[in-house]
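Asks: Got a predicted structure plus its sequence, pasted below:
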Amino acid sequence: MGFGGGGSAGMTAHVHNNVPLQGGPLDFANDTIASLNAGSTTYSNGAALQELVIGNAGDSLVVNGGGTAPEWAAGSAGAYTFLGSDRLTVAGSSLSVNFAAQTGDTTGSVICFYNLISLAASPYTQTEITVNNISGGAPSYTTQFCRMSGGAGTFTTGSGTNNILLPTGQRITSGFIEFTSSTPQQDTAGYDTAIGYNGSDRGESAGRGATTYGGTLSAGVTALTEITSVELDATVGNWGIGSQMSVFASKI
C-alpha cells in the first residue's frame, strides 16, 4: 500500500530543508533512527554521508594524506609542556617546583622563568638556584658569569659551589635559566657532566647591571641523566608577595 493519499502512486520525493512540504529541517537532537556508533561523526565523500568512528583518547582530527577526508591521528604534545609554578602569597625566602623526571630521551631542556622582589635593604639579597635538590658537597656546580654594568663587563668563575649563586643582588630581578640533561658522556678525567645550564638575569636599575651565565653540574662518576626539580632561594631576608617562577620542558 502506498503512503500517498487519494490513490497516488507513493510518497512524493522530498529533502530536509525549509521548503514547505519537503520534510522540514533534519533534527539531529536525540534522533534514534541513525545507525551510528557512540561518539561518531559524519562527513560527505561527495556522494553520500560517511561515518567517522570516534578515535582514541588524546587524538586530534586531521585531514588524511590524500586531502580528501577527515581522520583521527595521535595528538601532538606541542613544543613546550608546562611542568609547574610557584608564587608567593606571603613573603618567603624560597620558591620551588617539583615535577616528573625529564630525561634526555624525550626532553630537550627544562626552562625556569622567574620574577623576584627583594625585601632586604641594600645590598639586596642574592639568588641561589638549585636543581634536583642537590646542594653541598659532590656533585658540584661550576659556573662562569659575565656581568655588564655602566658600560663595563666583569667576568668571574665560581667552582665547586653548593648551588648557582648569582653574583649580585637586586631589588627587582627577572630572568631565566635553562637546564639540559642527556645521556652522559665521560670526559678524559673520568667525570660525567650530565646537566648543563645557561641563563640571564636582569634588575630594574641600569646601575645594577645584567648578568649572563652558564656552567655544568658535575657528579663525578655518578651519571646525572634527569631533571626533577628547580629551586630558587634568597641568601638573606625574604622575597615579597608576587615573586614567582614557572617551569616548562621543551620536547624533542
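Replies: Great, that's in hand.
Asks: got the contact list for residue 250?
Replies: Residues touching residue 250, when contacts are defined by Cβ atoms under 8 Å, 6 or more residues apart in numbering, comprise 79, 80, 107, 108, 109, 110, 111. Placement of C-beta: from N, CA and C, glycine included.
Asks: Look up which residues are beta-bridged to residue 156.
Replies: Each beta-bridge partner of residue 156 is listed here, defined by DSSP bridges: residue 145.
Asks: Quick check, pLDDT for it.
Replies: At residue 156 the predicted local distance difference test score is 79.
Asks: any low-confidence regions in the stretch 51-200 of the chain?
Replies: Low-confidence segments of the stretch 51-200 of the chain, defined by pLDDT under 70, are located at 75-78, 137-138, 150-151, 159-160, 182-194.
Asks: Can you tell me the SS state at residue 56?
Replies: Following DSSP: H, G, I helix; E, B strand; the rest coil, the label given to residue 56 is coil.
Asks: close enough to count as contact, it and residue 72?
Replies: Yes. Assessed by Cβ atoms under 8 Å, residue 56 is found in contact with residue 72 at 7.1 Å.
Asks: These two: who's more crowded?
Replies: Relative neighbour count places residue 72 above the other of residue 56 and residue 72, with 15 against 9, counting by other Cβ atoms under 10 Å.
Asks: just checking, the more buried one touches residue 60?
Replies: Yes. Counting by Cβ under 8 Å, residue 72 does reach residue 60; the two are 7.3 Å apart.
Asks: Residue 95 contacts residue 232, correct?
Replies: Yes. Contact between residue 95 and residue 232 holds when scored by Cβ under 8 Å: they sit 4.6 Å apart.
Asks: Who has more neighbours out of these two?
Replies: For residue 95 versus residue 232, neighbours defined as other Cβ under 10 Å are more numerous around residue 232 (25 against 22).
Asks: can you pull the contacts of residue 51?
Replies: Shown in contact with residue 51 (Cβ under 8 Å, 6+ apart): 36, 37, 40, 41, 42.
Asks: So residue 202 is in contact with residue 176, correct?
Replies: No. Because the distance of 10.0 Å does not satisfy Cβ under 8 Å, residue 202 is recorded as not touching residue 176.
Asks: Now do the residue minimising distance to the centre of the chain against residue 252, distance only.
Replies: Relative to the mean C-alpha position of the chain, the nearest C-alpha, by Cα atoms, centre = their mean, is the one of residue 81, at 2.4 Å. Using Cβ to Cβ, to the nearest Å, we find residue 81 at a distance of 12 Å from residue 252.
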